[in-house]
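Enquirer: after the sequence you'll find the predicted model.
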Amino acid sequence: MLLLSSTLATSLSYALAIFNQVPNPTIFLFNTLISSSLTAKYRHTHVAFSLYSRILTHTSLKPNNYTYPSLFKACGCHPWLQHGLALHTHVLKFLEPTSYDNFVQASLLNFYSKCGKVGVCRYLFDQISKPDLGSWNSILSAYAQNAGSLNGVSSNNVDDINLSLEVLFLFSDMQRSLIRPNEVTLVALISACADLGALSQGSWAYAYVLKNKMKLNRFVGTALIHMYANCGCLDLAYKVFDEMPERDTFCYNAMIRGYAIHGRGQEAIGLFEKMGNEGLVPDDVTIIVTMCACSHVGLVDEGCNYFESMADYGLEPKLEHYGCLIDLLGRAGQVKEAEERVRTMPMKPNAILWRSLLGAARVHGNLEIGEVALKHLIELEPETSGNYVLLSNMYASLNRWDDVRRMRKLMKDRQINKMPGSSIVEVDGAMHEFLIGDKTHPHTREIYLKVDEMSRKVQEYGHKPRTGEVLFDIEEEEREDALSYHSERLAIAFALIASASSLPIRIIKNLRVCGDCHASTKLISKIYEREIVVRDRNRFHHFKDGTCSCSDYW
DNA sequence: GTAGGGTTAG
């Protein structure tokens, strides 16, 4: 046994050879070997599963509570839904109820989380009679990770907001249960705040880290950088980055992304260089965020160079890298080159990529390519209303009203689920959500009076509403009204009424923006002498004194 | 003596 544990540290195959000579291996020995074959160093899943089947076929052996956690962990890494489901049935069949402990439950929960089954996770969590720190961390991470993961869908998803909010609620439940959080807990909490754009709660979490003398390790640090960058506080993000005792590729990626979403391309490139000087090697995410930074400020050649440099780092371009490349070329107006790249790329383009091309075609007025992109997009996502609206607005900008009507009819015929635009504004630490034409807020009357005042003032400044825009949920005859009462303007009006502070108005989530908003918000920032920060998908627009730092696409 | 929970991109 002693020989086996010492050899495990150096060679798994040698350890296996010794193990095979043991005449009657105990379940303890099997468990040790299974977990050893699944460390970060080895990850020999086939070895682990063949050992597990040997336990099952052995007449005198039975798996116990130490057997399952590492196996579930392995299933979660890939993730192997079918294997995990089979294991779950084994747990129910072979384990004594007393062996079904917090470790088994947490690993099972974590496996379902990796497969995106948050509902199952919640069910499992509610079954745990006395959740310990590990159980709480598992459920918090399950919600936080599934809110953050895109799975090919837009990150500006209403369900994501609910999942992230649930992390905040669960955290307060955890505190009531008197279990003390650790760094892992805080990472989940901070990630949820990042997703929500919840600056006050996120800052509170950072204060909690400091007050409780927790470590600013690379996980906590990276989550904080991400949170501050997502809340529009790039300087605070950099402060955390600067103060971290150890920096790895992950935290560099988070900081470069921060610069990217704020349109600070040069700083992002500077950090890429600094990373190399510190002896850190870029990974495929580094390339994505750096290319993204280039595309936001029109550094086309630099962005293309990063794409080409991947081979130097031993990296193979993935679909996401092609996505960045198309975005880079498309935003810069090289729509034909972008389309050429889409046609010649080695893998099948996904919806994100076609949408990027469609967006570029719309901005740069290339109707032909726009129509081609839309055709593919509708094949891939026939029920996403935003795709139809993108093209429809393109027709509107070219005064092709017959086509606009045709698109609207197509949406109606296909019974496309309309997703209303929504905006969430943070006022004094609380979040308020508004939908287009929303009349549910308790201060609706005052808000609408303020919006009318705003509309009058922007029109006095010469702003003309873009009546051709297709708006969700709104019939043609109501469209002009809808433009005045779109969610962004309602949110700004509420912030102007509710907070006299001179701090910027923070719109922390903006779902489905119409093109009219941008121009009117610029004027509002000037007229009301208030800075307005709008987080639109994964991008920030800083409106100040009639200008906006991010002008592409609109 | 064996086991679970964490960061980044689109």
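Expert: Arrived safely.
Enquirer: pLDDT weak spots in chain A?
Expert: A:1-10, A:149-161, A:417-419, A:466-483, A:512-516, A:538, A:550-554 (pLDDT under 70).
Enquirer: for stretch A:127-147, list every residue counted as buried.
Expert: Neighbour counts using 16 or more other Cβ atoms under 10 Å place A:128, A:131-147 of stretch A:127-147 among the buried residues. Every C-beta, even on glycine, is put in place using the N, C-alpha and C of the backbone.
Enquirer: just these that are near DNA strand B?
Expert: A:132-138, A:141, A:144-145 (Cβ under 7 Å from any atom of the strand).
Enquirer: looking at those residues, spot the one nearest A:H321.
Expert: Distance to A:H321, by Cβ to Cβ, is smallest for A:Q145 among these, at 23.0 Å.
Enquirer: other SSEs contacting the helix or strand containing that closest one?
Expert: If you go by DSSP states H and E, A:Q145 is part of helix A:133-148. Taking 3 or more Cβ pairs under 8 Å, 6 or more residues apart in numbering; DSSP states H and E as contact, the helices and strands that helix A:133-148 lies on are helix A:102-114, helix A:118-127, helix A:158-176, helix A:183-196.
Enquirer: among these, which is the most enclosed?
Expert: helix A:183-196 (a mean of 25; mean count of other Cβ atoms under 10 Å).
Enquirer: what residues does the helix or strand following that one touch?
Expert: Downstream of helix A:183-196, the next assigned helix or strand under DSSP H and E is helix A:199-211. If you take Cβ atoms under 8 Å, 6 or more residues apart in numbering as the criterion, helix A:199-211 is touched by A:168, A:181, A:183, A:186, A:189-190, A:193-194, A:214, A:216, A:220, A:224, A:227-228, A:231-233, A:240, A:426, A:429, A:506, A:508.
Enquirer: near DNA strand B, from the residues you listed?
Expert: Applying Cβ under 7 Å from any atom of the strand to the contacts of helix A:199-211, those adjacent to DNA strand B are A:183, A:194, A:220.
Enquirer: quick check: the first one touching A:G221?
Expert: If I follow you right, that is A:E183. No: using Cβ atoms under 8 Å, A:E183 makes no contact with A:G221, being 10.2 Å away.
Enquirer: A:P23 and A:A17: what is the separation?
Expert: Distance, A:P23 to A:A17, using Cβ to Cβ, to the nearest Å: 15 Å.
Enquirer: who has more neighbours, these two?
Expert: Using other Cβ atoms under 10 Å, the more surrounded residue of A:P23 and A:A17 is A:A17, with 11 against 4.
Enquirer: the more buried one belongs to a helix?
Expert: Yes: under DSSP: H, G, I helix; E, B strand; the rest coil, A:A17 falls within a helix.
Enquirer: now it: how far from DNA strand B?
Expert: Counting by Cβ to the nearest atom of the strand, to the nearest Å, the separation of A:A17 from DNA strand B is 19 Å.
Enquirer: quick one: whichever residue of chain A sits closest to DNA strand B from A:L271, how far?
Expert: Using Cβ to the nearest atom of the strand, the closest approach of chain A to DNA strand B is made by A:G134 at 2.0 Å. According to Cβ to Cβ, A:G134 stands 35 Å off from A:L271.
Enquirer: again with A:V451
Expert: A:V451 sits 41 Å away from A:L271, going by Cβ to Cβ.
Enquirer: which one's more surrounded, those two?
Expert: A count of neighbours by other Cβ under 10 Å puts A:L271 above the other of A:V451 and A:L271, at 22 against 19.
Enquirer: what's the closest non-adjacent residue to that one?
Expert: Leaving aside its chain neighbours, A:L271 sits nearest to A:I256 (5.2 Å; criterion: Cβ to Cβ, 6 or more residues apart in numbering).
Enquirer: make sure I have this right: that neighbour is in a helix.
Expert: Yes: under three-state DSSP, A:I256 sits within a helix.
Enquirer: can you name the residues that contact A:V458?
Expert: A:520, A:523-524, A:527.
Enquirer: any quick PyMOL command for the buried ones out of those?
Expert: Restricted to buried positions by 16+ other Cβ under 10 Å, the PyMOL selection for these reads:
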select buried, chain A and resi 520+523+524
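Enquirer: keep only those of the contacts of A:V458 that are in helices.
Expert: A:520, A:523-524, A:527 (DSSP state H).
Enquirer: how close does the residue most central in space within chain A get to A:H321?
Expert: Nearest to the geometric centre of chain A sits A:G148, at 3.7 Å (Cα atoms, centre = their mean). Here the criterion is Cβ to Cβ. By it, A:G148 lies 20 Å from A:H321.
Enquirer: go on, A:V289?
Expert: Distance, A:V289 to A:H321, using Cβ to Cβ: 11 Å.
Enquirer: what's the answer for A:D413, then?
Expert: 37 Å.
Enquirer: ok, now A:S200?
Expert: Look at A:S200 and A:H321: by Cβ to Cβ, they are 36 Å apart.
Enquirer: now do A:A332
Expert: 17 Å.
Enquirer: A:S200 and A:H321 - which one has more neighbours?
Expert: Between A:S200 and A:H321, counted using other Cβ under 10 Å, the more crowded position is A:H321 (19 against 14).
Enquirer: quick check: that one touching A:E308?
Expert: No: the pair A:H321 / A:E308 is not scored as a contact, 10.6 Å apart, by Cβ under 8 Å.
Enquirer: wait, what's in contact with A:L358?
Expert: Counting by Cβ under 8 Å, 6+ apart, A:L358 touches A:370, A:373-374, A:377, A:387, A:390-391.
Enquirer: now do the SS call for the nearest residue to A:E316 once chain neighbours are set aside.
Expert: Nearest residue to A:E316 in three dimensions, chain neighbours excluded: A:M310, at 7.2 Å (Cβ to Cβ, 6+ apart). Classification of A:M310 using three-state DSSP returns helix.
Enquirer: try A:M347
Expert: Look at A:M347: counting by three-state DSSP, its state is coil.
Enquirer: that one touches A:Y322, doesn't it?
Expert: Yes: at 7.4 Å, A:M347 and A:Y322 qualify as touching, with contact defined as Cβ under 8 Å.
Enquirer: higher neighbour count, the two?
Expert: A count of neighbours by other Cβ under 10 Å puts A:Y322 above the other of A:M347 and A:Y322, at 20 against 10.
Enquirer: name the nearest residue to the more buried one, sequence neighbours excluded.
Expert: A:M345 (4.9 Å).
Enquirer: what is the neighbour count of the one you found?
Expert: There are 17 residues near A:M345, going by other Cβ under 10 Å.
Enquirer: that one and A:R257, how far apart?
Expert: 23 Å.
Enquirer: then A:G148?
Expert: Distance from A:G148 to A:R257, by Cβ to Cβ: 13 Å.
Enquirer: go on, A:L367?
Expert: Going from A:L367 to A:R257 by Cβ to Cβ gives 33 Å.
Enquirer: out of the two, which sits in the more crowded spot?
Expert: Neighbour totals were compared for A:L367 and A:R257, and A:R257 leads with 24 against 16 (other Cβ under 10 Å).
Enquirer: just the element for the closest residue to that one other than its chain neighbours, please.
Expert: Nearest residue to A:R257 in three dimensions, chain neighbours excluded: A:V289, at 4.2 Å (Cβ to Cβ, 6+ apart). Here A:V289, judged by DSSP H and E, is contained in helix A:284-297.
Enquirer: list of residues touching that helix?
Expert: In contact with helix A:284-297 (Cβ under 8 Å, 6+ apart) are residues A:249, A:252-253, A:256-257, A:259-261, A:263-266, A:268-269, A:272, A:275, A:282, A:299-300, A:302-303, A:306-307, A:309-310, A:313, A:315, A:318, A:320-321, A:324-325, A:327-328, A:331-332, A:539, A:550, A:552.
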